[in-house]
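Trainee: Pasted the sequence and its predicted model underneath.
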Amino acid sequence: MAMNRFMHPRNPYKTPPDFKQLALEYPEFREKAIQNLSGHVRLDFRNQGSVWALTKSLLHQDFKLKVEIIPDRLVPTLPLRLNYLLWLEDLLNFVPNENKNVVGVDIGTGACCIYPLLAWKHLSWKMLATETDEKSYECAQQNIERNYLQEVITVKLVPSDTFLVGALEEDVSYSFCMCNPPFHKDNAPPKSRHPDRHGPRNAPTGTKVEVSVSGGEEAFVSRIVEDSALLKTKIGIYTVMLGHKSSVAPLKQKAIEAGAADVASSVFCQGRTTRWGFAWTFHPHYKISSLKSPFEMEKKQQKANQPFTHDFLQEEGFTYDMIVSRIVQLLEKLEVGDLTANIYTLKLKYQTQLINLTHTLNSEAQVLKSTFKLKFQNQVSKSTLKLKFSTRLSNSTHQLNS
Ligand SMILES: C[S@@+](CC[C@H](N)C(=O)[O-])C[C@H]1O[C@@H](n2cnc3c(N)ncnc32)[C@H](O)[C@@H]1O
């Protein structure tokens, strides 16, 4: 689960599900589960039936949803579906008064009708879903009825050249639209992966009509962009999920050329699968580009966790007193908000001299470590003396800029 730390922070599957518990509760899951001698339960993700047993059991356990799909159809995995929905929830924060009465559109809902079902159960969003494949449409309709959700989810069978125009209700304004398009080009062999990347761990699922389309995802989403240029603000935020990072830039360009006021993108990481989210809007006040993805936030946090380093240059002719006063100056910058006094004692050794410093810091944050870690690396011969220190506060790591 290499990329799980980059999952959306509110994704319930950031903590992996308890397979033992699922095996105890769900016979269908138990049938697929593999138990080793020490009692550890695992699944063979290369087996399509196992992936379906997991999805079905989790949908029931965590969302009280009963679902069925026809054989050979795409088996949705839940961490990825939730990462997309939670990103949408973040995007809707840019829409004034949008947290109530959200109505979304799912283009190509598939046999399971996974996004509308989760959108209602997890986020209370009403949904209009479309589908071109008759069998998937019927199965999606049955899943809606099986869960008595006809009042809040509608599925429409549409012609294959319909995307948004012709599918929407005339008198409704939609908060967003979403789409997990067929990723692959018709008849194209799958793109080769970088040799350093692990192969996919999950069994490939889905019929040709679900996973491939003439021109691939770029052509498919281009049609949605074209429709959006006609519909403009009838939909608040247009979004799609992409299977290839290389599709993001050209589609951004297309959306901007179509007159979008702002665009945003994100990365969805879960297990060994990475997908990309792309959004655009025609509302000039929805500043969606300012939303940072969990991936970017985690990277930023990792950078912030680096200890602060300050170099005393030999040419400064530093003395003991000079170093002490410089440290005090630097520490004074550590003020956070308003203020409760915290006292820190610093014990440092510089050459043969012991520096004892008691310093009062103003900080409202609770300090996890009672002393700063300061380390002098005496590199006089290299003409610099490095001062390294970091302080961990309860809600963030503070860095000083010299
Ligand atoms: C990759 S599958 C996604 C299924 C489901 N949304 C999911 O995430 O598991 C793409 C779906 O889009 C449907 N589709 C293809 N062209 C479409 C169109 N023009 N309008 C609506 N659905 C379409 C396919 O039949 C297929 O079910």
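Mentor: Sure, I can see it. Values in this document were obtained by computation on a predicted structure and should not be read as measured data.

Trainee: Number of residues surrounding the residue in the chain that the ligand sits nearest to?
Mentor: Nearest residue of the chain to the ligand: Gly108, at 2.2 Å (CB to the nearest ligand atom). In this view, the C-beta of every residue, glycine as well, is placed from N, C-alpha and C. For Gly108, the neighbour count with other CB atoms under 10 Å is 22.

Trainee: That one against Asn180, yeah?
Mentor: Yes. Gly108 lies in contact with Asn180 (CB atoms under 8 Å); the separation is 6.7 Å.

Trainee: Enumerate the residues of the stretch 51-200 of the chain near the ligand.
Mentor: Contacts of the stretch 51-200 of the chain with the ligand, taken as CB under 6 Å from any ligand atom, map to 74, 76, 107-110, 114-115, 130-133, 136, 158, 160, 162-163, 180, 182.

Trainee: In PyMOL, select just the buried ones from those.
Mentor: Buried residues within those, by 16 or more other CB atoms under 10 Å, are selected in PyMOL with:
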select buried, resi 74+76+107+108+109+110+114+115+130+131+132+133+136+158+162+163+180+182
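
Trainee: what about the stretch 51-200 of the chain, any weak spots by pLDDT?
Mentor: Within the stretch 51-200 of the chain, the segments meeting pLDDT under 70 span 98-99, 187-200.

Trainee: one more time with 90
Mentor: Where the stretch 51-200 of the chain drops to pLDDT under 90, the residues are 70-73, 95-101, 183-200.

Trainee: returning to that earlier point: residues contacting the residue of the chain closest to the ligand?
Mentor: By CB atoms under 8 Å, 6 or more residues apart in numbering, Gly108 lies in contact with Thr130, Glu131, Thr132, Cys179, Asn180, Pro181, Pro182.

Trainee: Restricted to strands, list those residues.
Mentor: Under the assignment DSSP state E, the contacts of Gly108 contribute Thr130, Glu131, Cys179 to strands.

Trainee: hey, what's the second one bridged with?
Mentor: Glu131 forms beta bridges with Leu157, as assigned by DSSP bridges.

Trainee: For stretch 122-138, list every residue counted as buried.
Mentor: Using 16+ other CB under 10 Å as the test for burial, stretch 122-138 gives 122-123, 125-133, 136-137.

Trainee: From Ser38, how far out is Ser57?
Mentor: Computed as CB to CB, to the nearest Å, the Ser57 to Ser38 distance reads 23 Å.

Trainee: Please identify which of these two sits among more neighbours.
Mentor: Legend: neighbour count by other CB under 10 Å for Ser57 and Ser38, higher for Ser57 (23 against 5).

Trainee: you'd agree that one is up against Phe29?
Mentor: Yes. Using CB under 8 Å, Ser57 is in contact with Phe29, at 4.3 Å.

Trainee: Need the residues touching each of these two.
Mentor: Leu22.

Trainee: Next, Ile69: secondary structure please.
Mentor: At Ile69 the chain is in coil, as set by DSSP: H, G, I helix; E, B strand; the rest coil.

Trainee: what about it, neighbour count?
Mentor: Other residues within reach of Ile69, judged by other CB under 10 Å, total 23.
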